[in-house]
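In: Just the structure for this:
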Amino acid sequence: MRLKQNLWTKVVAGLIVLGLAVTGCGTQAAVKASAVKQSGPVTLTFWHSMGGVPGKTLTTLVDKYNASQKDVQVKLVYQGSYDDAFNKLKASPDQGPDLFQVYDIGTRYMIDAELATPMQEFIDKDKYDVSKFEPHVLNYYKVKDKLNSMPFNASMPVLYYNKTMFKEAGLNPEQPPTTWDEVEKDAKILTKKTGDQTVYGFSQAIYGWLFEQGMARNGAPYVNNGNGRDSATTASLVNSQSGVDLLTKWKQLVDEGVAVNLGRKTADTQKAFGAKQIAMTIDSSGTLPNLTTAANGNFEIGIAPLPKGSNVADSGPMIGGGSFWIMKSKPKTQQEAAWSFVKWAMEPSQMAEWAVGTGYLPINKVATEQDTFKEFIKKYPAYQVVLDQLHNTPENRVTQGALMGVFPQARATIETAIEQAVLNKATPKAALDDANKKMTDSILEYNQTMGIK
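Out: Okay, the predicted model is just below:
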C-alpha cells in the first residue's frame, strides 16, 4: 500500500485523536561512485534519542566513522526522547532525516506508513551476511521473515540486586530470586525500618515495557493474531489472567510495604537503587553503566534473569531498544551512504565498543570475541547473565514481541492502569479491563484509518 497524501492527512489526524503526544567493510564502492559526482562527501543527517552515557558513546562512534574515510559524513542530531523523535517524524515526514533511530514499538507504524526503504533490500542486493547476528534480536525486527530495519541498541530486562544487602540480611547473594513469589519472600527479609527511614526490598518503575516483559516471561501474548505477527492485530489481551496475576503481585508487594512506588521515571528508581534505598529492581540491561555510576563502588551489583510467575510455563523476555531505518524519501545516494554507515556500525569492533560503553547487547556475536568486550566481562562478570538469558530464551510468537501501530499510546494506557491499581483507585482486574478496551478501540481505529483489514 502506497500511502496517498489525503490518506496521510487522515493518518496524522487520526493519531492525534488517539493521543499520540547497524558485519560489513566500511564505505562501499557504490557509495564512492555516487560521491564522485558531488563536490564533496555525502552528508547524512542521523536522528537519534540517545542521551547520557549512550549518547556520548554514539558520538564517539560517529566521530570515529567520520574520521575513518572521506566519502560519507554523518551528522548526529539528538531529538529528545523516542516519543519526541517519533512524533516529529510523523508531523513532517518529508523533512525528516536520512537515517532514523526508532524505538522497537514504532516498528509496525513505520512499515504501515511506508516511510523507509526496507533494510532487506540492501541486504539482498549486497548479499550481506546476518548469520553472525543474535537471532533473538533479529526475530523481533523480522516481519514476515524480512528486516525492515537494522537492530542497533538492543536490551533485555533483568533483575538487579544489591549483593551487599543480601549478605547483610542473611540471604545468599549467589541465589537471587527467580520467581515473583521468591521476590516477595526476599523483599520481606530485605525491608528494614529505622525510625522514619525505610529501606525497601524492591521497586520498579511504572513503565509499560516492564509489564509487557512480565507477560512475555510468563508466556502470554500481548495482542491477538499471533501477537500481531500472523496478521494485523485487532484486539489487546492485557486483561488476560497472566496480566491480572502480574499486576496483582505488583500491587501486593506495595500493599505489604516491602516495595515502594517511585512513579513512572526509571531514573528515579535507578537513583534509589544507587542510594541503597531499595535492594532489588527490574530494569533494562542497558542501564548497567548508569547503575554502576550510581552505586559508586559502595556495593556489589548482582544481575539475575527476569523473574517469572510461579505456576507458568518457562518462557523468556523480549528485546527492547531501537533500530536503524533508512528513509525512503531521500535520494538513492543518501540511502546508499546510510547503508554504508549501518554496515560499519554493525562490525564486531564497533559493536563491542557500543556494548561496553552502554550495556546494550552486542548484536554481532563476533563482538564478544573482541578484547574490549572480554575486558568488560572481566570487570562486570554478572553481565554474562544477560547474555545467557538472551541465548536461553525460546523463539516463539510471544518472545518475538507484539506488533501494533498504536503501541506508544497503548503503553501510556497500561501505565495509567498500573497506577490506578497500585494507588488503590481500581482493582487490577478492573484497571486492566478498562485499559484493554481503550487499547482495542485504538487498534481498530488505527486499522480503519490505515486501511488495514
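
In: Do a quick rundown of the helices in the stretch 101-250 of the chain.
Out: 107-112, 119-126, 135-141, 163-168, 180-190, 208-217, 224-228, 241-255 (DSSP state H, counting those that start in this stretch).

In: neighbours around Glu256, how many?
Out: Per other C-beta atoms under 10 Å, the neighbour tally for Glu256 reads 13. (Glycine included, C-beta is placed from N, CA and C.)

In: wouldn't it be in contact with Lys185 here?
Out: No - checked against C-beta atoms under 8 Å, the pair Glu256 and Lys185 is beyond contact range at 11.1 Å.

In: and Ile326, what are its phi and psi?
Out: Backbone geometry at Ile326, expressed as degrees, to the nearest 10, gives phi -100, psi 120.

In: quick one: it from Asp84, how far?
Out: Here Ile326 is placed at a distance of 21 Å from Asp84 (C-beta to C-beta, to the nearest Å).

In: Looking at the two, which one has more neighbours?
Out: Using other C-beta under 10 Å as the criterion, Ile326 and Asp84 rank with Ile326 on top: 27 against 12.

In: where do the helices sit along the stretch 251-400 of the chain?
Out: Taking DSSP H, counting those that start in this stretch to define them, one finds helices in the stretch 251-400 of the chain at 266-274, 288-295, 332-345, 348-358, 371-379, 384-392, 397-400.

In: Now do the contacts for Ala304.
Out: Ala304 is in contact with Val158, Leu159, Tyr161, Pro176, Pro177, Thr178, Val385, counting by C-beta atoms under 8 Å, 6 or more residues apart in numbering.

In: ok, 7 Å please
Out: Val158, Leu159, Tyr161, Pro176, Val385 (C-beta atoms under 7 Å, 6 or more residues apart in numbering).

In: Next, the buried residues of stretch 388-408.
Out: Neighbour-count burial for stretch 388-408, counted by 16 or more other C-beta atoms under 10 Å, picks out 389-390, 393, 398-408.

In: Over to stretch 218-236?
Out: 218-229, 232-236.

In: And the furthest pair within the contacts of Ala304?
Out: Tyr161 and Val385 (11.1 Å; C-beta to C-beta).

In: re the thing from before, can you list the contacts of Ala304 in CSV and add pLDDT, neighbour count and distance to Ala367?
Out: CSV is the format used below for the contacts of Ala304 (pLDDT from 0 to 100; neighbours: other C-beta atoms under 10 Å; distance: C-beta to C-beta, whole Å):
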residue, pLDDT, neighbour count, distance to Ala367
Val158, 97, 26, 19
Leu159, 97, 21, 24
Tyr161, 97, 29, 27
Pro176, 97, 22, 27
Val385, 94, 18, 18
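
In: Return the member of those nearest to Glu121.
Out: Taking C-beta to C-beta as the measure, Glu121 sits nearest to Val158 out of those, at 34.9 Å.

In: Enumerate every residue touching the closest one.
Out: Val158 neighbours (C-beta under 7 Å, 6+ apart): Ser285, Ile303, Ala304, Pro305, Leu306, Val385, Val386, Gln389.

In: Taking the residues you listed, tell me the two that lie furthest apart.
Out: Within the contacts of Val158, Ser285 and Ala304 form the most distant pair, 11.5 Å apart (C-beta to C-beta).

In: low-scoring stretches of the stretch 351-453 of the chain, by residue?
Out: Within the stretch 351-453 of the chain, no stretch falls below the threshold (pLDDT under 70).

In: What segments of it are strands?
Out: For the stretch 351-453 of the chain, strands defined by DSSP state E, counting those that start in this stretch do not occur.

In: gap between the two ends of stretch 311-331?
Out: Taking C-alpha to C-alpha, to the nearest Å, stretch 311-331 runs 54 Å from one end to the other.

In: in it, what counts as buried?
Out: Within stretch 311-331, the residues scored as buried using 16+ other C-beta under 10 Å are 312, 315-327, 330.

In: which residues does the closest residue to Gly316 other than its chain neighbours contact?
Out: Distances taken as C-beta to C-beta, 6 or more residues apart in numbering place Thr393 nearest to Gly316, at 3.0 Å, with adjacent residues excluded. Residues near Thr393 by C-beta under 7 Å, 6+ apart: His136, Gly316, Pro317, Thr399.
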